[in-house]
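Peer 1: give the three-dimensional model of this entry:
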Amino acid sequence: MKSLFRRLRNATAPPNLSDAQRETLAHGLPFLARLAPERLDRLHALVARFLGEKTITPLQGLELDDGQRLQLAGLACLPLLEFGAEGLHGWRQVLVYPGAFRVQRRHHDEDTGVVDEWVDELSGEAWDQGPLVLSWDDIQAELAEPEDGYQLVVHEMAHKIDILDGAMDGTPPLPADWQREWARDFQAAYEDFCRRVDDGEETPIDPYAAEAPEEFFAVASEYHFSAPGLLAQEMPAVARHLLRFYGESPIPTSSF
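Peer 2: Numbers count the residues shown, from 1 in each chain. This next block holds a predicted model:
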């Protein structure tokens with residue numbers, strides 16, 4: 001009977017990475033060595049779950065080996081260290097292009113009846129209830145300079161977290177009191193940043209953050225994980241919220 005219980009317990013045990021996989025992940029993302037041991041263990045469990053639940057599909061002749069898949073999963077799970085595996089719910093697939101990809105857009109203006117069509121060239125996209133779409137070249141270019149303020153996978157994962165409450169609006173699911181504080185501080189920072197961009201100022205933060213509140217949150221998330229010192233200097237209230245939401249960045253603040 002004890003052996004039966006042991007088998008049942010093992011069958012339902014949460015997935016985790018092997019020692020070899022942990023070594024491979026550490027090699028692919030060396031900055032993870034700065035995570036506290038308990039957070040690194042948490043990341044390993046999330047990465048194992050990600051690889052077990054998500055289908056990673058390379059496109060257009062791209063091939064990804066096991067180490068590269070671990071690297072991608074590690075980046076995707078960084079924003080979930082405090083939020084948890086709930087951030088993996090609602091979607092199952094990761095599509096990976098070799099480089100930037102084109103998307104056909106169409107907009108129908110209901111007031112005028114005019115239909116506009118155009119093509120966007122993108123490095124990433126996150127669809128509501130759909131796949132995470134990424135450019136492998138962009139991921140690798142950012143990893144070559146991990147402290148430059150850009151982190152594509154984090155950006156798109158921020159959108160996935162944002163939409164969990166039913167609205168992609170720059171405010172992820174939060175307790176009510178914190179949500180009010182977050183909305184107040186992010187709105188004030190967003191409006192100030194948009195004013196600076198509209199005035200033609202060269203902002204240290206990527207001006208793409210002025211596109212919409214949800215892009216502001218996603219871009220700020222990139223800076224939290226790649227240039228936290230710069231984010232704290234430029235947007236201290238936003239940086240404090242993201243530190244609470246994501247936990248400490250593995251990129252040291254002192255770098256900036």
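
Peer 1: in the stretch 1-150 of the chain, which spans are strands?
Peer 2: Secondary structure of the stretch 1-150 of the chain (DSSP state E, counting those that start in this stretch): strands at 55-58, 93-97, 101-108, 115-122, 124-126, 132-135.

Peer 1: before we move on, what SS does D185 have?
Peer 2: Secondary structure assignment for D185 (DSSP: H, G, I helix; E, B strand; the rest coil): helix.

Peer 1: how many neighbours does the nearest residue to it once chain neighbours are set aside have?
Peer 2: Spatial nearest neighbour of D185, excluding adjacent residues (C-beta to C-beta, 6 or more residues apart in numbering): A237 at 4.2 Å. The C-beta positions use only the backbone N, C-alpha and C, and glycine is treated the same way. By the criterion of other C-beta atoms under 10 Å, A237 has 15 neighbours.

Peer 1: settle this for me: A237 is touching A189, isn't it.
Peer 2: Yes. Contact criterion C-beta atoms under 8 Å: A237 and A189 qualify, at 6.1 Å.

Peer 1: so where is the stretch 101-250 of the chain shaky, pLDDT-wise?
Peer 2: 101-122 (pLDDT under 70).

Peer 1: report the contact partners of G28.
Peer 2: With contact set as C-beta atoms under 8 Å, 6 or more residues apart in numbering, G28 has these partners: G67, Q68, L70, Q71, G74.

Peer 1: and with 7 Å instead?
Peer 2: G67, L70, Q71, G74 (C-beta atoms under 7 Å, 6 or more residues apart in numbering).

Peer 1: and the last one, how far from A239?
Peer 2: Right, the one you point to is G74. 23 Å (C-beta to C-beta, to the nearest Å).

Peer 1: do the third one as well
Peer 2: Applying C-beta to C-beta, one obtains 26 Å for the distance of Q71 from A239.

Peer 1: now distance to D162, neighbour count and pLDDT too, for the contacts of G28, in CSV please.
Peer 2: Output for the contacts of G28, formatted as CSV (distance: C-beta to C-beta, whole Å; neighbours: other C-beta atoms under 10 Å; pLDDT from 0 to 100):
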residue, distance to D162, neighbour count, pLDDT
G67, 30, 14, 97
L70, 25, 24, 97
Q71, 24, 22, 97
G74, 21, 22, 97
